[in-house]
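Student: sequence and computational prediction follow.
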Amino acid sequence: MAGYITRRLLRGVLTMLGVAVFVFGLLLLSGDPALIMSSPDATPDQVAQLRATLGLDRPIITQLGLYLGHVLRGDLGQSLRFNRPVAGLILQRLPDTIELTLAGIVIAIVIAVPAGIVASVRRGALLDRLVMAGALAGQAIPVFWLGLILIRVFAIDLAILPVYGQGGPAHLVLPACTLATIVMGRLARLVRATMLDVLEQDYMRTARAEGLREWRVLVVHGLRNAAMPIVTLLGLQLAQLLGGAVVTERVFAWPGVGSLVVEAVFNRDFPVVQGVTLVIAGIFVAVNLLVDMSYALLDPRVRQ
Amino acid sequence: MASGLVLLGAVLACAVFARDLLPQGPDRMDLARHLAAPDAFTTGRHWLGTDALGRDVLVRLIYGARISLLVGFVSVAIAAPIGILFGLVAGYVGGAVDHALMGMVDVQLAIPTILLAISVVTVLGPGVVNVIASLSIAGWPTYARLVRSETVVAIHRDYVEAARAVGAGHPRIVLRHVLPNVLTPALVFATFALADMIVLEATLSFLGLGVPARVVTWGSMLNDGRQYLATAWWIGLFPGLAIFLTVLGINLIGDALRDRLDPRLRNIL
């Protein structure tokens, strides 16, 4: 068990090191930060002086070492636009992105899991076909378009939900529903496929023979055994959800890191773009590490 | 499969014959009729309405298909061979090479595709070629991971052992015996990836980070439509519908291909 966790941890650390090197490479390619930070009328000497102050005149390998050292200390550089530490800017916005992403996951689970179970139990029936058609449509719908449609219908025509921004649970409904569609279709299809396997197992017949109620058989015996693929999918889809949050936040003017990164692109504020990339990748790696470790705890076969 | 082919075929026909069908181009303005509502069932002058500059939404939609499909197909055509090559090498050679290549894949897959594409396009700058480059860079790792796992299975099959026993060299084993067995899953994945690339291009254009504003794309049309959500819904509705139907068509083809060619992939794709 300890060996498995150590190996998995090491792989996570190496992945994050790779992400940091990749991000550093992009920073190098993005141009001369000293030139971007200098005022338009700065002399070449002043730019050179700033370059030296920032350590940009040193060999690339030294710069990489310094960058990694700073990242380890939580220093993601300085925003060119706000002239503030990138880490502070991200920390300020990150809770809103996590709130939106978690709400999206909860909505996806609440809708897709029962839909998948119902579809598996009523295999081949009209209800099954409807759920599968809905899942297929959900996988094809562009998230930003759905967001605009929801704004038009629920915020403008019906005027029952706020259009933009953040201010309470009502503000969360439309962006969270929009984000949830990213995984909802795939999740419903996976739950259905997994439950179809589980429904044929002997322990399901035994549970029924013991006289347990059908919902109890499905939820306690069926869903529990179908849980691992579902958790795996959610872990792997987290990157897409966090990516979807970038677009969703833009549509709904939600003040998370997604909005921050798009604003940063327009302002050519590369340290912020790369800082957000690093933090989002870190969240993905950490969550998948936890998912893998939970397997090791739940299923001894994984440890081997 | 049939409905998917019909949907994709219709979009392809629009893209290929746009210039022949509508030689006036997507930028012709009719300022007197700007923000005109769809009139397909009345006068029939602008079936899907016009935008703020009086440009016909249907004409722009048809021309927009060209960029969406071009970017989608070319990105897949670049990302797929790179991913297949890396996956084959990692799976066949194994050991440190496998660890190194799969480590690169892990690194890229840890970054959300759209964020990766945004980062790359920020560095390269906007433009059709740069968007294709950024999507190709973002797209290859999943092929590599899929092909690597298929290769690991294939190299332990009897026919590979037999080829090795009769003295076949590594290139021959890989090209003649392993590659044909990993191409089917790669082809199925490429179909789904085409849909993903079309959505990614539209997302970049919607965010204003894709192709230049003068080039009409479905994503940029949607971005324009966002400003007129309350007053001129048609500007944003139809490009989104076009993306939705195209992606739906491709996914239907992908589902059918997967079920016919390799049903095992149902648990992966």
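Tutor: Sure thing, it's come through. Numbering: from 1, shown residues only, chains lettered A, B, ... in the order given.

Student: helix or strand: which one has residue A:271?
Tutor: helix A:270-298 (DSSP states H and E).

Student: which of the residues in that helix are buried?
Tutor: A:270-285, A:287-289, A:291-293, A:295-296 (16 or more other CB atoms under 10 Å in any protein chain shown). Backbone N, C-alpha and C define where each C-beta goes, glycine included.

Student: and the pLDDT at the nearest residue to residue A:253 once chain neighbours are set aside?
Tutor: In space, and not counting its chain neighbours, residue A:253 is closest to residue A:164: 4.1 Å by CB to CB, 6 or more residues apart in numbering or on different chains. The model reports residue A:164 with a pLDDT of 81.

Student: residue A:164: which element?
Tutor: Residue A:164 belongs to no helix or strand when assigned by DSSP H and E.

Student: what number of residues lie near it?
Tutor: Burial of residue A:164 is recorded as 14 neighbouring residues (other CB atoms under 10 Å in any protein chain shown).

Student: starting at the chain centroid, how far to the helix holding residue A:271?
Tutor: Once both centres are worked out by CA atoms, centre = their mean, to the nearest Å, helix A:270-298 turns out to sit 9 Å from its chain's centre.

Student: and if you look at stretch A:114-126?
Tutor: Computed by CA atoms, centre = their mean, the chain-centroid distance of stretch A:114-126 equals 28 Å.

Student: any idea how far residue B:84 is from the residue lying closest to residue A:121 once chain neighbours are set aside?
Tutor: Nearest non-adjacent residue to residue A:121, counting by CB to CB, 6+ apart: residue A:218, 7.0 Å away. The gap separating residue A:218 from residue B:84 is 41 Å, by CB to CB, to the nearest Å.

Student: count the neighbours of the nearest residue to residue A:35 once chain neighbours are set aside for me.
Tutor: Excluding the flanking residues, the one nearest residue A:35 by CB to CB, 6+ apart is residue A:47, at 5.9 Å. Other residues within reach of residue A:47, judged by other CB under 10 Å, total 16.

Student: run through the residues that contact residue A:47.
Tutor: A:32, A:34, A:35, A:38 (CB atoms under 8 Å, 6 or more residues apart in numbering or on different chains).

Student: now do 7 Å
Tutor: By CB atoms under 7 Å, 6 or more residues apart in numbering or on different chains, residue A:47 lies in contact with A:34, A:35, A:38.

Student: following the host helix or strand of it, which helix or strand comes up?
Tutor: Assessed by DSSP H and E, residue A:47 sits inside helix A:44-53. The helix or strand immediately downstream of helix A:44-53 is helix A:60-72, counting by DSSP H and E.

Student: which positions within the helix or strand following that next one qualify as buried?
Tutor: As assigned by DSSP H and E, the chain's next helix or strand after helix A:60-72 is helix A:86-121. Buried residues in helix A:86-121, counting neighbours by 16+ other CB under 10 Å, are found at A:86-87, A:89-90, A:93-94, A:96-97, A:99-101, A:103-105, A:107-109, A:111-121.

Student: got it, and stretch B:23-38?
Tutor: Using 16+ other CB under 10 Å as the test for burial, stretch B:23-38 gives B:26, B:36, B:38.

Student: so which one among those residues has the lowest pLDDT?
Tutor: Among those, residue B:36 carries the weakest pLDDT, at 87.

Student: hang on, that one packs against residue B:46?
Tutor: Yes - using CB atoms under 7 Å, residue B:36 is in contact with residue B:46, at 5.5 Å.

Student: closest residue of the stretch 51-200 of chain A to chain B?
Tutor: Residue nearest to chain B within the stretch 51-200 of chain A (CB to the nearest CB): residue A:145, separated by 3.1 Å.

Student: quick check: the residue lying closest to that residue once chain neighbours are set aside vs residue B:249, distance?
Tutor: Counting by CB to CB, 6+ apart, residue A:145 lies nearest to residue B:240, which is 3.1 Å off, once chain neighbours are set aside. Distance of residue B:240 to residue B:249, computed by CB to CB: 15 Å.

Student: same question, residue A:209
Tutor: Per CB to CB, residue A:209 is found 46 Å from residue B:249.

Student: out of those two, which sits in the more crowded spot?
Tutor: Neighbour comparison, residue A:209 and residue B:249: the larger count goes to residue B:249, with 22 against 8 (by other CB under 10 Å).

Student: in this structure that one contacts residue B:4, no?
Tutor: Yes - using CB under 7 Å, residue B:249 makes contact with residue B:4 at a distance of 4.6 Å.

Student: list, one by one, the residues from chain B near chain A.
Tutor: Contact residues (CB under 7 Å from any CB of the partner chain) of chain B with chain A: B:103-104, B:106-107, B:109-115, B:118-119, B:122-123, B:199, B:202-203, B:206-207, B:209, B:222, B:226, B:229-230, B:233, B:236, B:240, B:243-244, B:247-248, B:251, B:266.

Student: what subset of the residues you listed is buried?
Tutor: The neighbour count (16+ other CB under 10 Å) marks B:104, B:106-107, B:109-115, B:118-119, B:122-123, B:199, B:202-203, B:206-207, B:209, B:222, B:226, B:229, B:233, B:236, B:240, B:243-244, B:247-248, B:251 as buried among the residues of chain B next to chain A.

Student: for burial, what's the neighbour tally of the residue nearest to residue A:121?
Tutor: Neighbours around residue A:218, by other CB under 10 Å: 22.

Student: just to check, it is in contact with residue A:117?
Tutor: Yes - the pair residue A:218 and residue A:117 qualifies as a contact (CB under 7 Å) at a distance of 5.9 Å.

Student: which residue is the nearest non-sequential neighbour of residue B:94?
Tutor: Leaving aside its chain neighbours, residue B:94 sits nearest to residue B:152 (7.9 Å; criterion: CB to CB, 6+ apart).

Student: wouldn't that neighbour be in contact with residue B:93 here?
Tutor: No - taking contacts as CB under 7 Å, residue B:152 lies outside contact range of residue B:93: 11.0 Å.

Student: which other helices and strands contact whichever strand or helix holds residue B:137?
Tutor: Residue B:137 is part of helix B:128-154, with elements assigned from DSSP H and E. When contacts are defined as 3 or more CB pairs under 7 Å, 6 or more residues apart in numbering or on different chains; DSSP states H and E, helix B:128-154 packs onto helix B:57-93, helix B:95-109, helix B:113-124, helix B:179-206.

Student: what does whatever helix or strand comes next after the last one rub up against?
Tutor: So that's helix B:179-206. Per DSSP H and E, the first helix or strand lying C-terminal to helix B:179-206 is helix B:218-226. Outside of helix B:218-226, the residues within contact range by CB under 7 Å, 6+ apart are A:144-145, A:148, B:51, B:60, B:64, B:68, B:201-206, B:208, B:210, B:213, B:235-236, B:239-240, B:242-243.

Student: what mean pLDDT does the next helix or strand after helix B:218-226 get?
Tutor: Using DSSP H and E, the next helix or strand after helix B:218-226 towards the C-terminus is helix B:234-261. The pLDDT scores in helix B:234-261 average 94.

Student: contacts for stretch A:164-180?
Tutor: Around stretch A:164-180, the neighbours that count as contacts under CB under 7 Å, 6+ apart are A:96, A:100-101, A:103-104, A:107-108, A:143, A:146-147, A:150-151, A:154-155, A:161-162, A:241, A:244-245, A:248, A:252-255.

Student: those, buried ones only, as a PyMOL selection?
Tutor: This is how PyMOL selects the buried members of the contacts of stretch A:164-180, with burial counted by 16+ other CB under 10 Å:
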select buried, chain A and resi 96+100+101+103+104+107+108+143+146+147+150+151+154+155+161+162+241+244+245+248+252+254
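
Student: quick one: which helix or strand includes the closest residue to chain B within the stretch 201-304 of chain A?
Tutor: Residue nearest to chain B within the stretch 201-304 of chain A: residue A:243 (2.8 Å; CB to the nearest CB). In the assignment (DSSP H and E), residue A:243 maps to helix A:227-252.
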